[in-house]
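Peer 1: Show me how the following folds:
(2 chains)
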There are 2 protein chains.
Amino acid sequence: MRRLAAREDTDMSNPVVAEVVRGERVESAHRGAGAVVDAGGRIVMAFGDVERPVYSHSAIKALQALPLIESGAADRLGLSEREIALACASHSGEDDHVALASAMLAKAGRDESVLECGAHWPLGEAAARALARAGRKPGPLHNNCSGKHAGFVCLACAVGIDPRGYVAPDHPVQRRVTEAIQDVTGAKLGEETRGVDGCSIPVYAIPLRALAHGFARFATGRGLSPERAKAAARIRAAVARHPAIVAGAGRFDTEVMTVLGARAFTKAGAEGVFCAALPEVGLGLAVKADDGAARAAQVMIAALIRRFCGFDDDLRARLAPFVSTGLTNWNGFEVAVLRPAGPLA
Amino acid sequence: MRRLAAREDTDMSNPVVAEVVRGERVESAHRGAGAVVDAGGRIVMAFGDVERPVYSHSAIKALQALPLIESGAADRLGLSEREIALACASHSGEDDHVALASAMLAKAGRDESVLECGAHWPLGEAAARALARAGRKPGPLHNNCSGKHAGFVCLACAVGIDPRGYVAPDHPVQRRVTEAIQDVTGAKLGEETRGVDGCSIPVYAIPLRALAHGFARFATGRGLSPERAKAAARIRAAVARHPAIVAGAGRFDTEVMTVLGARAFTKAGAEGVFCAALPEVGLGLAVKADDGAARAAQVMIAALIRRFCGFDDDLRARLAPFVSTGLTNWNGFEVAVLRPAGPLA
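Peer 2: Have a look, this model is predicted:
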């Protein structure tokens, strides 16, 4: 890997956006950037550098699932609403998740051997322990991305493409997926913005402004073709009705969408990226913690949702624990607080 | 918790010290501060704010174990070298760790019911899964701090103090521990620098410069009473001979000390704190990642050890994977690199 220029090395000087307070001290501080954009591309709020391209990881799984729907593949194979939600998931590897991924592959006439995501122990600790308790080991179906990968396989099989090698950037599946991301976000995606994601598919670096704009379009359908807008609405509805599928018990996306229903779509990505859509107010949100911390990204996205959601006081109150979170120790005592700071305080 | 002044909220502007590079981009960047100090208190290297007090957490467990040794309690109860190493450990909850903690308590005439650390699933994933596989649940012995707590109980029982309430700041055990930390680091510890740690004992905020100075004294015995210097040497020897006890399979402290033996003592703490001692060159090291990330603290401490260790090329080469670490995806491909940056590049 070539050595990067010094400027690029040290250019992350975004504001402090979240902090851990213990005793009476700020113990740790996270910097980050974020954008809130409407479907017309107008920036409603921005902090930090929102033009620097950041790898979007799993935060854009919902966009990566668009071709599966709009191609007609999902209908041709008779995918259920829960299976569509799983195609957008970073799931915990719970029994439900694994069964759904398996069922998707069966509908495509395949099994888990076609998956190219690799295997890992379930993200959900309870699910991992249950698997261990059963004396079993994880397979590719337990990979948190197995629903997305099953969706890629379904797309390929339903439109008559050989799914093998579907993780490669030049495979027809990835070309369709890349076209969709490019169309929705307006960002130019090419080799120079490409890396490899944890599950082996291409990951593209996209400015937060463009990601937020994309999720405003995803939230509203404005600026998208009618077919794409319909697919977006269908994905949002599927996830809103099945928030337990998109992540898992106790996890941020599941918990927040269980509270907010169709009012908010949220999706975490690796390295502190988070995207969200607020259909009721027509806004898209995208944040990145400089240091890649999931906890910082969660605080940022929760604080922005609270600020821009247009909710009533009851919903705002139910969102509060996600904005400012007590950190408890092993005896259950709250010993520190993680809370928004700087532009989000 | 009262709202802190704005200046204190946003005053962490330490340099970028570690970065994740994916594709050809810096994807994430960690800021931090660090100090390398000799036993006379001379700063050999410093970056970032090394005067700001930071909670030291488990990074100073070796200092917290000093009273157990120098009081004669360890000898009176016949603690083994492995048990002394466990008193300084943030262990993985492996069978060995649990058995040793249990044996320490038995030597004090107690059992796990005396522990006030709380319970959590073993830090070591393999250990957690093994426990689940056996159909069991974790108890306080599995808490990564159980060795330290067992040490506190041993100290109390051996010198005739009731161990109950030993986690409270004004309990005789904590008073002795606080005195030792204060003496070794030269920092003034009081209510205004105190928080509560994850295992419920007091955690004190100490400037990195003082922590590094303390570990230089711990490394050399210089500036300590003869009894304390002897206790420090004994703890270093115990950990050096049993690096698998102080953390666990695959973990940084265990792996690095397995490579370096008595040449380096390293100890991680929560929220991105790390301390180390280099006896051969008489230096103490202390770092803190602003954002609390363990991976950033590891890179910092490994980079500093490599720079100041005085090792031969072979040892430096064996240390290299800890300084610059390939991040592999679920298929085992290296997709990113975590490496030192800025003052540590």
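
Peer 1: and the spatially most central residue of chain A, what does it touch?
Peer 2: Per CA atoms, centre = their mean, the C-alpha nearest to the average position across chain A is that of A:Ala59, at 2.4 Å. Neighbouring residues of A:Ala59 by CB atoms under 8 Å, 6 or more residues apart in numbering or on different chains: A:211, A:267-269, A:273-275, A:286. To be clear about C-beta, it is placed using only N, CA and C from the backbone, and glycine gets the same treatment.

Peer 1: what are the phi and psi values for it?
Peer 2: Here is the backbone geometry of A:Ala59 (degrees, to the nearest 10): phi -60, psi -20.

Peer 1: re earlier: among the contacts of A:Ala59, name the buried ones.
Peer 2: Neighbour-count burial (16 or more other CB atoms under 10 Å in any protein chain shown) applied to these gives A:211, A:267-269, A:273-275, A:286.

Peer 1: those strands in chain A, which residues are they?
Peer 2: In chain A, the strands defined using DSSP state E lie at A:16-22, A:25-38, A:43-47, A:53-55, A:194-196, A:202-207, A:265-269, A:273-278, A:283-289, A:325-328, A:334-340.

Peer 1: The third one and chain B in contact?
Peer 2: Which is strand A:43-47. No: Strand A:43-47 is not in contact with chain B by CB under 8 Å from any CB of the partner chain; minimum separation 12.4 Å.

Peer 1: Going by neighbour count, which residues in that strand are buried?
Peer 2: Quick answer for strand A:43-47 (16+ other CB under 10 Å): A:44-47.

Peer 1: picking that back up, check the buried ones among the contacts of A:Ala59 against A:Asp197 and report the nearest one.
Peer 2: Nearest to A:Asp197 out of the buried ones among the contacts of A:Ala59 is A:Gly269 (CB to CB; 9.3 Å).

Peer 1: Near chain B, which residues of the stretch 101-250 of chain A? Just list them.
Peer 2: Looking at chain B, the residues of the stretch 101-250 of chain A close enough under CB under 8 Å from any CB are A:116-121, A:125, A:128-130, A:132-133, A:135, A:143, A:192-200, A:203, A:205.

Peer 1: ok, of the residues you listed, which come out buried?
Peer 2: A:116-121, A:125, A:128-130, A:132, A:143, A:193-200, A:203, A:205.

Peer 1: beta partners of A:Val203?
Peer 2: Taking DSSP bridges as the rule, A:Val203 bridges to A:Gly195.

Peer 1: Surely it touches A:Tyr55?
Peer 2: Yes: judged on CB atoms under 8 Å, A:Val203 makes contact with A:Tyr55 at a distance of 4.8 Å.

Peer 1: so what sits against both of those two?
Peer 2: With CB under 8 Å, 6+ apart, A:Val203 and A:Tyr55 have common neighbours A:195, A:197, B:22.

Peer 1: and the first one, what pLDDT?
Peer 2: Reading off the confidence values, A:Gly195 has pLDDT 94.

Peer 1: Contact partners for it?
Peer 2: A:55, A:202-205, B:22-23, B:25, B:27, B:335-336.

Peer 1: Lowest-confidence one in these?
Peer 2: B:Gly23 (91).

Peer 1: how many neighbours does that residue have?
Peer 2: By the measure other CB atoms under 10 Å in any protein chain shown, the count of residues near B:Gly23 is 19.

Peer 1: same thing with the one 10 residues further on?
Peer 2: A total of 26 residues lie near B:Ala33 under the criterion other CB under 10 Å.

Peer 1: Of the buried ones among the contacts of A:Ala59, which is the nearest to B:Ile84?
Peer 2: After measuring those against B:Ile84 - CB to CB - the closest member comes out as A:Ala268, at 42.5 Å.

Peer 1: residues in contact with that closest one?
Peer 2: Contacts of A:Ala268 (CB under 8 Å, 6+ apart): A:58-59, A:90, A:247, A:252-253, A:274, A:294, A:297-298.

Peer 1: try A:Gly186
Peer 2: With CB under 8 Å, 6+ apart, A:Gly186 has these contacts: A:41, A:210, A:213-214.

Peer 1: wait, isn't A:Gly124 in contact with A:Ala89?
Peer 2: No: at 11.8 Å, A:Gly124 does not count as touching A:Ala89 under the criterion of CB under 8 Å.

Peer 1: These two: who's more crowded?
Peer 2: A direct count of neighbours by other CB under 10 Å for A:Gly124 and A:Ala89 places A:Ala89 higher, at 32 against 22.

Peer 1: Any figure for the gap between that one and A:Glu83?
Peer 2: Per CB to CB, to the nearest Å, A:Ala89 is found 10 Å from A:Glu83.

Peer 1: Find residues that contact each of those two.
Peer 2: A:Gly147.

Peer 1: quick one: buried residues of stretch A:140-160?
Peer 2: Residues of stretch A:140-160 classed as buried: A:140-159 (neighbour count, 16+ other CB under 10 Å).

Peer 1: coming back round to it: can you tell which of the strands of chain A is closest to B:Gly282?
Peer 2: If we rank those by CB to CB, the stretch that ends up nearest is strand A:25-38, at 30.2 Å.

Peer 1: ok now the closest one, how far from the chain's centre?
Peer 2: 18 Å (CA atoms, centre = their mean, to the nearest Å).

Peer 1: now stretch A:159-176
Peer 2: Remark: stretch A:159-176 is offset 21 Å from the chain centroid, using CA atoms, centre = their mean.

Peer 1: now do stretch A:248-258
Peer 2: 12 Å.

Peer 1: Repeat that for stretch A:19-37.
Peer 2: 21 Å.

Peer 1: Against chain B - does that stretch have any residue that ends up touching it?
Peer 2: Yes: contact check for stretch A:19-37 against chain B, using CB under 8 Å from any CB: residues in range are A:19-31.

Peer 1: For A:Thr291, grab the count of nearby residues.
Peer 2: No Thr there; residue A:291 is Asp. Quick note: A:Asp291 (other CB under 10 Å) scores 31 neighbours.

Peer 1: What score does the closest residue to it other than its chain neighbours have for pLDDT?
Peer 2: Closest residue to A:Asp291 apart from its sequence neighbours, by CB to CB, 6 or more residues apart in numbering or on different chains: B:Asp291 at 4.1 Å. Note on B:Asp291: pLDDT of 98.

Peer 1: try A:Met257
Peer 2: pLDDT at A:Met257 comes out at 97.

Peer 1: How about A:Asp312?
Peer 2: We have a pLDDT of 85 for A:Asp312.

Peer 1: same check, this time on A:Asp96
Peer 2: pLDDT, A:Asp96: 98.

Peer 1: I'd assumed A:Val246 was in contact with it.
Peer 2: No: if you go by CB under 8 Å, A:Asp96 and A:Val246 don't touch, sitting 11.5 Å apart.

Peer 1: Between those two, which has more neighbouring residues?
Peer 2: Between A:Asp96 and A:Val246, counting by other CB under 10 Å, A:Val246 is the more crowded of the two (29 against 17).

Peer 1: Now that one. Nearest residue, chain neighbours left out?
Peer 2: Using CB to CB, 6+ apart, the closest residue to A:Val246 is A:Ala89 (4.5 Å).

Peer 1: so that neighbour touches A:His242, yeah?
Peer 2: No: using CB under 8 Å, A:Ala89 is not in contact with A:His242, being 9.3 Å away.

Peer 1: contacting residues for whichever residue of the stretch 1-150 of chain A sits closest to chain B?
Peer 2: Here the stretch 1-150 of chain A gets closest to chain B at one residue, A:Gly118, 2.9 Å apart by CB to the nearest CB. By CB under 8 Å, 6+ apart, the residues touching A:Gly118 are A:140, A:143, A:199-200, B:329-332.
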